[in-house]
Structures are given as structure tokens and as C-alpha cells.
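Colleague: Sequence first, then the predicted structure:
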Amino acid sequence: MNILFFLTPKSDVAFLYEDFTLRQALEKMEHRKYSAIPVLNREGEYIDTITEGDILWEIVRKHDFNMAKAEKVPLTEIKRRMRVEPVSIDVKIEDLMLKSMEQNFVPVIDDKKKFIGIVTRKDILQYCFEKLDRCDRQMSKEAIEPSICQITKYGNSANDKRLQ
């Protein structure tokens, strides 16, 4: 399976540029209702992800927070508590799933290190749930109705005592 199946393309993802200010980050995160958001450079390369926690700790350290001051704080000055590493487009699904257990989304980059989108934990879980649900339904159906293989293996089902 290819990770492109799960990818939310960059065009559908809100992100910040590293030269944005704290105020711009807060406004975009509030508008999109994001708790974490990718940060790119102006060439489109993934730099890292900034979280509400990163911003909160920056505010706590400064004590006298206000929006006018936030306008002047570049994202590059905010210390990250956790480094969110991107994956390449050819990552193994197993590795993608492991990364998604640690973070809400996994940033995806191409072979030139350009940010191309994200894969969300929700998308992976939804895919897995649908697969499991299909398997459960198939197993339930096979337990109730004999499969074609069972019928043809033993001949005519009307004559096969095991299926009666």
C-alpha cells in the first residue's frame, strides 16, 4: 500500500511559514481549530511542527503576554518541546503507523525535502477500522452461509450432510 492513499495534500493543509509571528500562528491555529501545525520555509521545505504546548510555554516564560507583543515574536524564537520529523513519500506503512501513534499527523516530504502534505492519525485509524469491519462482516457471512469453495469441494450442497 502506498502512503499517497492517506495523504492530505499540501493544498488542503493549513501551515505556517517560519518567518510568521506568534500572533499569525495563534490566529491561524484558532481559525482552523488546530492543536499542532506544520512550519515550512519559504521554499516549501518542512522545518518542523509547532504545537499549542510550544506556544503556551513561550507565553509562560514571557509572563506579560499580549497580542501586540505577539505580533513581534517570530516562530523561530519559540522553543519546541517535541521534534516532529517528516516522512518521505516512500515510507513503509508500518513506520507511518508508528509515527502516527506519537503525533496527530505526520508531515510528508518529497525527495527534494519539499512539504507535500500530511497523513492524519484519524485517516489511518479510519482506514484500519473500515478494513476490520469488512473482515468482521465477511467472517460473519462465511459462518452463516457456506462459501462457494465449501459447496464445490464437497459436491452438491443438497447431497452434502455437512452443510445441512
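Modeller: Cool, the structure landed.
Colleague: May I have the predicted confidence score for Val87?
Modeller: pLDDT, Val87: 94.
Colleague: List the contacts of the residue most central in space within the chain.
Modeller: The centre of the chain sits closest to Thr120, judged by CA atoms, centre = their mean, with a distance of 1.6 Å. Listed by CB atoms under 8 Å, 6 or more residues apart in numbering, the contact partners of Thr120 are 6, 8, 100, 104-105. Placement of C-beta: from N, CA and C, glycine included.
Colleague: Between which two of those residues is the distance greatest?
Modeller: Farthest pair in those (CB to CB) is Phe6 and Asn104. Separation: 13.6 Å.
Colleague: Out of those two, name the residue with the larger neighbour count.
Modeller: Neighbours per residue (other CB atoms under 10 Å) separate Phe6 from Asn104, with Phe6 holding more: 22 against 15.
Colleague: Tell me who's in contact with the closest residue to the more buried one other than its chain neighbours.
Modeller: Counting by CB to CB, 6 or more residues apart in numbering, the nearest residue to Phe6 once its immediate chain neighbours are dropped is Val119, at 4.3 Å. Counting by CB under 8 Å, 6+ apart, Val119 touches 3, 6-8, 87, 96, 100, 105-106, 108.
Colleague: 7 Å instead?
Modeller: Contact analysis of Val119 by CB atoms under 7 Å, 6 or more residues apart in numbering lists 3, 6-8, 96, 100, 105-106, 108.
Colleague: sec struct for Ile116, please.
Modeller: strand (DSSP: H, G, I helix; E, B strand; the rest coil).
Colleague: Was I right to think it contacts Val106?
Modeller: No. Counting by CB atoms under 7 Å, Ile116 does not reach Val106; the two are 11.8 Å apart.
Colleague: now the residue nearest to the centre of the chain: how far from Asp12?
Modeller: Distance of Thr120 to Asp12, given as CB to CB, to the nearest Å: 11 Å.
Colleague: for Gly53, same thing?
Modeller: 25 Å.
Colleague: Likewise for Asp110?
Modeller: 16 Å.
Colleague: the more surrounded of those two?
Modeller: Shown here are Asp110 and Asp12; by other CB under 10 Å, Asp110 has more neighbours (16 against 9).
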